[in-house]
Structure formats: C-alpha cells, structure tokens
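Asks: okay, predicted coordinates and the sequence, questions at the end:
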Amino acid sequence: MNSQRLQRNDPPRPVAYDVDGNPLYAEPPTAPRASSTLYDVSGKEGAPHYHAPRPEANLPRMSSEVRRRHDESVMAFPNLNLSEQEYIISVVRRHPIGMLPAIVMSTLMTSIVLALMFNYDYIFDLLHLPASASGSFMLLCMALILAFVLGGYVSVWVYTRNMFYLTNESVIQEIQTSIFSHTEQTVSLMNIEDASYNQRGVLQAMFNYGSIRLSTEGDETTYRFSFVANPKQEIATLNNAVEDFKNGRPVADD
C-alpha cells in the first residue's frame, strides 16, 4: 500500500526594500498553519481509496416539556434509574384490600394479649401461679404486643413497597418480599408482546382489583403483578403506550 502526502511550504517573503530594490529583511517566521492533507491509498487493483472522518450522530434535542417531566419524575422517585429523556406516566400500586390479612391478624393477636393482661389475676388463680410472677407476666405480654404490632407494620410496609411504574420508554416493577429482599425488573416497551389483566371471584369484582400479566418477545419472559386496583384501566393505558412507542409516536398519558 503506497501513501503520498502533499504539502505546500512557502519561503519567507521580504517586507521592505532599499532604494536599489534590494530586500532589507524578511517576514519573521510564524507558526505553520494547518494545511489540508490528502491521503492516496491504493487498493489491491491500484484504485485509490479516500478516507473521511465519520460524522457525529445527531441526537434529538430534549424539549422543555420532556425535561420538566423528567426532573419531576426524578424528584418524586429518586430510587428509580431513569434515562435522560425518560419520565413516569403511571404508578400502579396494590389495592388496600391486600393489607387486610396482616392487619386483622396483628389486631387479633394484640387484642388477645391485652385481654390476658387485664385478666391476669383470674389466670393466675386458674393456673395457681404465684403473685410474684405477675411482673414477669406483664413484661412478656408487653413484648408480645410489641412483636405483633411490629410484625403487622412490616407486613404492610413490604406490601406497599411492591409497585409497578409505566414510563414513556419502559415498564419498571419493584418487588419487595421482605425487609432485606428487593428486586427491580425493567422491560422496554418495544419488547412487550402481550399485556392482559385478570379478575376472578366476587371480591375482585366488587372491589375492582385483579392481576396484570406482561409477556415479552424473544425469551418469552412473563411479568405478573397482583392486587392491582382498576386493572382494566391500567392495561388500557399500558397497551396505548406500547402502541405509541412501537409506532414512533410520543407516548400519551391516557
């Protein structure tokens, strides 16, 4: 492969002359200016090939409305990892009815322990326990009450931490199974193949809650989210967002 480089170097030019026309001094040397360079690279058959730098990609500019909604989403949900032009469209939370088992159980057990505390003298007489053990009995009852209240609070906290976010680019699901177990799943709207909801039983129909299901293309991964309030409306919003995203239209909120 032969390479030729063509450059032009001009000699210094005189800037003043005497009466006889002889140059007095020349222009002082200056830093060389950048000159265009041509590379001639011959191919296998002698045909020249010219290389040019790759043009930079023209990234779409972020509108003021997108910037505003992105900033609001970041402030409202700092735990989410949103892209530069991504913002929240809908937040799907679980229906409050799913908290009832934990609340009922915690309240029931706390009530039983309180009943034992207020009737400790009858229990002591029935079990023939010494009166000196009343202090230990009260401490045990208070510890049980604290444990049941904390257990109910933790159960409700874990339940409400499970959330489902719809953005203008993806779907984000946060899964909380315990205090120290947290999982975040993200799937692009482009990869969603099917989205549906399911309502079964009298309670789900009466209180308008159910479950939603998403399936993706390729690996056919299935995402499920239960105890969703108004699942029909949430799936309609999601399907509209997927259709807009795949067709290159701005994702609408409804």
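Replies: Now that the structure is in, tell me what you want to look at.

Asks: help me confirm that Asp125 is found in a strand?
Replies: No. Counting by DSSP: H, G, I helix; E, B strand; the rest coil, Asp125 is not found in a strand; it is helix.

Asks: neighbours around it, how many?
Replies: Other residues lying near Asp125 total 10 when counted by other CB atoms under 10 Å. (Each C-beta comes from the backbone N, C-alpha and C, glycine too.)

Asks: can you give me the strands in the stretch 51-200 of the chain?
Replies: 88-93, 163-167, 170-178, 181-188, 192-198 (DSSP state E, counting those that start in this stretch).

Asks: what about Lys232, how many residues nearby?
Replies: For Lys232, the neighbour count with other CB under 10 Å is 13.

Asks: same thing with the one 5 residues further on?
Replies: The burial metric for Thr237, expressed as a neighbour count using other CB under 10 Å, is 20.

Asks: related to what we said a few turns ago, so which of the strands of the stretch 51-200 of the chain is the most surrounded?
Replies: Across the strands of the stretch 51-200 of the chain, the average number of neighbours (mean count of other CB atoms under 10 Å) peaks for strand 163-167, which reaches a mean of 21.

Asks: per-residue pLDDT, Val19?
Replies: If you check Val19, the pLDDT there is 58.

Asks: dump the strands of the stretch 51-200 of the chain into TSV; add mean pLDDT as well.
Replies: Putting the strands of the stretch 51-200 of the chain into TSV (pLDDT from 0 to 100) gives the following:
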stretch	mean pLDDT
strand 88-93	94
strand 163-167	95
strand 170-178	94
strand 181-188	92
strand 192-198	93
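
Asks: could the ones you listed be laid out in TSV, adding distance to Ala252?
Replies: Formatted as TSV, the strands of the stretch 51-200 of the chain follow (distance: least, CB to CB, whole Å):
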stretch	distance to Ala252
strand 88-93	8
strand 163-167	11
strand 170-178	16
strand 181-188	18
strand 192-198	16
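
Asks: any regions of the protein where pLDDT drops low?
Replies: Counting by pLDDT under 70, the ranges of the chain that qualify are 1-60, 219, 254.

Asks: need the longest helix for it.
Replies: The single longest helix within the chain, with elements called by DSSP state H, is helix 134-161.

Asks: and that helix with strand 170-178, angle?
Replies: For helix 134-161 against strand 170-178, the angle between stretch directions is 170 degrees (axes from the mean of the first three to the mean of the last three CA atoms, to 10 degrees).

Asks: for helix 134-161, packing partners?
Replies: In terms of contacts (3 or more CB pairs under 8 Å, 6 or more residues apart in numbering; DSSP states H and E), helix 134-161 is packed against helix 100-118, helix 120-127, strand 170-178.

Asks: can you say which of the ones you listed is packed in most?
Replies: strand 170-178 comes out most buried of these by mean count of other CB under 10 Å, with a mean of 17.
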